[in-house]
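Undergrad: Give me the fold of what follows.
(2 chains)
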Amino acid sequence: MEILLQQIINGLVLGSMYALIALGYTMVYGIINLINFAHGEVLMVGALTSWTVIGLMRDAMPGAPGWLILLLALIIACVVAATLNFVIEKVAYRPLRNSPKLAPLITAIGMSILLQTLAMIIWRPTNKAYPTLLPSESIVVGGASISPTQIMILVVTAVSLAILTWLVNYTKLGRAMRATAENPRVASLMGIRPDMVISATFIIGAVLAAIAGVMYASNYGIAQHAMGFGPGLKAFTAAVFGGIGNLAGAVVGGILLGLIEAIGAGYLGTVTGGVLGSQHSDIFAFVILILTLTVRPSGLLGERVADRA
Amino acid sequence: MKSKNLIVFLIAAVALLALPLLLQTQGNAWVRIVDIALLYVLLALGLNIVVGYAGLLDLGYVAFFAIGAYLYALLGSPHLTETFPAIKAMFPGGLHAPLLIVIPLALVLAGVFGVMLGAPTLRLRGDYLAIVTLGFGEIIRVFLNTLDHPVNITNGPKGLDAIEPVHFWGLNLGRPLKLGDYTISSVSLYYYLFLALVIFTVIISHRLQLSRIGRAWMAIREDEIAAKAMGINTRNMKLLAFGMGASFGGVSGAMFASFQSFVSPESFSLMESVMIVAMVVLGGIGHLPGVILGAVLLAALPEVLRYVAGPLQSMTDGRLDASILRQLFIALAMIVIMLVRPRGLWPSPEHGKSLKRKSGDATPVELAGVDNPADEVPHKPARSMSINP
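TA: Have a look, this model is predicted:
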């Protein structure tokens, strides 16, 4: 029972990070129908930027409390990632808005490789120990332990999701985003500038990715140039799982995927008598995905889209 | 005109045949690069059937490459006989599967896997399909990594080594061939084998493209519902596309294993799948010369860059080493080529040539992923179609 509770906590933490990243994928997809392959790399840039900032700040002001340093690093990482994603969209995706559909996909993949390579050049291709800035004593709840970092991840995710919900549902920008996702041409007739909305979407996605990156790095205590790839892939899976283009779907998909993975990792070995183990938790997620899509081709919460009117 | 084509063809044939012999005088490393490029051409041609003709975005293509490679590796290395006494008892001398058995076997096995992947994904479209195929690729890779217990089949992350080179008709491609006092190196022999396979694949692809099947695929690519309405069995056609594409991947995987004489799961990462998709799209999706160009460009040029990387590396204090430079080049090439030529370097000619707009007209609006259907030219009346042509 304790194991189950522990795995549920781990799964929630993992899933909430997936959810943050998946939101970036799904928002971009909802508006311009592009799988932004570079999204995971934005996460990585966010995490590495925060790592640099933390290093600098620890030298500059040795007495500062950990949470303050982490908060400042988080903000700077968000700003850097947002700028980066804004530029990426402008340079690599916008000129291809009306091209064959695979063209922006290839530039997105190219961007992903480019960012990884640049990160290797700037930060060197080594593993960097990411400092633990919050207290490290875990709190024990009913036999399962949860660390302050994990609590922070859950809280930050909840806050980010609340802000995002408010932004999308109750602001002018949010309405413009929803309208553009529905139909960009009609939206532009209503006085919305789709280009601006798309830029805003990329910026919001990047901020979420940077938050997830900092959380990811502090949870695992490590940061390196390829760290964005794995979570990016999983988050994209989560977005599709929940129904791509659907914000609630991304969150549900992310958290479910996290739970599936954690519980799978915990029990797969015992259930199958050691034939499958925790190293299979990755494909466990993919198998679930394939099964779900076979039954519901548009994802858990996705609407049935008519096949090309 | 005919005779001019023939001359061009002859020159190309002679150049292709002489290429490794010229390169091997400069060192076998150069021939190796060309060999690898040919393998990628084979892969890209296979994927072109799935992505280019049938329009099904497959991001897990490397899985079929892996299946072919592991099949050859298991049949051609001592691993199976060493691990399983039963097999050892059956084949005391070791399994020395000849090429003429392995190639059809790889073809069939990969094709079966292709259909197996295709079957559950028939209802999925576009990006859902992309993620499922991607997941399939990862599943295969993880299994290659972990199938070393409880029964050791793939030898896990360590991979399989000591794979026999290709041998048929008394010819062993692993050893240089001596003709009189002229030596053709082993890599050059592989070159001829791969070249033959590539030519064979090109012919098949070309014939497929012009056939009923090819037209059915392209109809599905353009509009699946309309294709269905025209009486095309979209289910079977899609499965066929998956199967055929996969079987080419399997064959090239088998060749890869014999060429490298070593396989490990590392060679079959998602990045490889992505690179193959990039080759197809960069070159010109659905257009054979374009696909070949894309594959050669992305496979060979970065390798050549390795040789100029030395000075750059010392200039930049070791930050720009060969592999980083290679990645940088690939990334920039993908972005720049797509920005400059969104339809690829050498795209297939536009459909509906008969309705070519006057040159003064505004540039045509490109629909996502679709060449402009001829009867949807903006500001022009729809094509008049006679009922009895």
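
Undergrad: For the residue of the stretch 101-250 of chain B found nearest chain A, which three-state class applies?
TA: Nearest to chain A, among the residues of the stretch 101-250 of chain B, is B:G135, at 3.4 Å (C-beta to the nearest C-beta). Bear in mind the C-beta positions are built from the backbone N, C-alpha and C, glycine included. Classification of B:G135 using DSSP: H, G, I helix; E, B strand; the rest coil returns helix.

Undergrad: residue contacts, the nearest residue to it once chain neighbours are set aside?
TA: Closest residue to B:G135 apart from its sequence neighbours, by C-beta to C-beta, 6 or more residues apart in numbering or on different chains: A:F286 at 3.4 Å. When contacts are counted by C-beta atoms under 8 Å, 6 or more residues apart in numbering or on different chains, A:F286 is found next to A:237, B:135-136, B:138-139.

Undergrad: Could I get the buried residue list for the helix or strand encompassing B:K178?
TA: Element membership of B:K178 [criterion: DSSP states H and E] is strand B:177-179. Buried positions in strand B:177-179, judged by neighbour count with 16 or more other C-beta atoms under 10 Å in any protein chain shown: none.

Undergrad: again, but for stretch A:256-267
TA: A:256-266.

Undergrad: Could you do stretch B:97-114 as well?
TA: Quick answer for stretch B:97-114 (16+ other C-beta under 10 Å): B:97, B:99, B:102-103, B:105-107, B:109-111, B:113-114.

Undergrad: ok, now stretch A:205-225?
TA: Result for stretch A:205-225 [16+ other C-beta under 10 Å]: buried residues A:205-219, A:223-225.

Undergrad: okay, the helix or strand containing the residue nearest to B:G135 in CSV with CA atoms only?
TA: Using DSSP H and E, A:F286 maps to helix A:281-295. Only the C-alpha atoms of helix A:281-295 are listed here, as CSV (Å, rounded to 0.1, in the frame of the first residue of the first chain):
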residue,chain,number,x,y,z
SER,A,281,7.9,1.8,-18.2
ASP,A,282,8.7,4.0,-21.2
ILE,A,283,7.1,1.6,-23.6
PHE,A,284,4.3,0.9,-21.2
ALA,A,285,3.2,4.5,-21.8
PHE,A,286,3.4,4.1,-25.5
VAL,A,287,1.5,0.8,-25.5
ILE,A,288,-1.3,2.5,-23.5
LEU,A,289,-1.2,5.4,-26.0
ILE,A,290,-1.5,3.1,-29.0
LEU,A,291,-4.4,1.2,-27.4
THR,A,292,-6.2,4.4,-26.5
LEU,A,293,-5.9,5.8,-30.0
THR,A,294,-7.1,2.5,-31.5
VAL,A,295,-10.2,2.8,-29.5
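
Undergrad: residues in contact with A:P194?
TA: Contacts of A:P194 by C-beta under 8 Å, 6+ apart are A:180, A:184, A:187-188.

Undergrad: again with A:N246
TA: A:N246 neighbours (C-beta under 8 Å, 6+ apart): A:26, A:30, A:299, A:301-303.

Undergrad: Before we move on, what's the pLDDT of it?
TA: Looking at A:N246, its pLDDT reads 83.

Undergrad: That one and A:Y25, how far apart?
TA: Going from A:N246 to A:Y25 by C-beta to C-beta, to the nearest Å gives 11 Å.

Undergrad: for B:M237, same thing?
TA: From B:M237 to A:Y25 the distance is 31 Å (C-beta to C-beta).

Undergrad: Comparing these two, which residue is more hemmed in?
TA: A:Y25 (29 against 21; other C-beta atoms under 10 Å in any protein chain shown).

Undergrad: Excluding sequence neighbours, find me the nearest residue to that one.
TA: Closest to A:Y25 by C-beta to C-beta, 6+ apart is A:A239, at 4.5 Å.

Undergrad: The one you found belongs to a helix, doesn't it?
TA: Yes: checked against three-state DSSP, A:A239 lies within a helix.

Undergrad: Is it correct that it is in contact with A:L256?
TA: No: counting by C-beta atoms under 8 Å, A:A239 does not reach A:L256; the two are 11.7 Å apart.

Undergrad: hang on, isn't B:L47 packed against B:V62?
TA: No: counting by C-beta under 8 Å, B:V62 is not a contact partner of B:L47; they are 9.5 Å apart.

Undergrad: what is in contact with these two at once?
TA: B:249, B:276.

Undergrad: so where's the chain uncertain?
TA: You didn't pick a chain, so chain A it is. A:273-279, A:303-309 (pLDDT under 70).

Undergrad: nope, chain B please
TA: B:1-2, B:91-95, B:170, B:180-181, B:306-314, B:316-319, B:350-389.

Undergrad: Next, please give the residue ranges for the strands of the stretch 101-250 of chain B.
TA: Taking DSSP state E, counting those that start in this stretch, the strands of the stretch 101-250 of chain B run over residues B:160-161, B:167-168, B:171-172, B:177-179, B:182-184.

Undergrad: So in chain B, which helix runs the longest?
TA: Within chain B, and with DSSP state H defining each element, the longest helix by residue count is helix B:234-260.

Undergrad: how close does the closest residue to A:P184 other than its chain neighbours get to A:I88?
TA: Of all residues not flanking A:P184 in the chain, A:P194 sits nearest, at 4.7 Å (C-beta to C-beta, 6+ apart). Relative to A:I88, A:P194 is positioned 17 Å away (C-beta to C-beta).

Undergrad: Repeat that for B:L240.
TA: Taken as C-beta to C-beta, the span from B:L240 to A:I88 is 38 Å.

Undergrad: how about the helix or strand harbouring B:F9: buried residues?
TA: Element membership of B:F9 [criterion: DSSP H and E] is helix B:2-24. Using 16+ other C-beta under 10 Å as the burial criterion, the residues of helix B:2-24 that qualify are B:19-20, B:23-24.

Undergrad: Mind jotting down where the helices sit in the stretch 1-150 of chain A?
TA: Counting by DSSP state H, counting those that start in this stretch, the stretch 1-150 of chain A has helices at residues A:2-32, A:39-60, A:66-88, A:102-123, A:148-170.

Undergrad: Going by neighbour count, list what's buried in the longest one.
TA: This means helix A:2-32. Quick answer for helix A:2-32 (16+ other C-beta under 10 Å): A:6-32.

Undergrad: Report whether B:D58 is found in a helix, as I expect.
TA: No: applying three-state DSSP, one finds B:D58 to be coil, outside a helix.

Undergrad: Burial check on residue 141, number of neighbours?
TA: No chain was given, so I picked chain A. Count around A:V141 with other C-beta under 10 Å applied: 11.

Undergrad: think we crossed wires, I meant chain B
TA: Considering only other C-beta under 10 Å, B:R141 is surrounded by 24 other residues.
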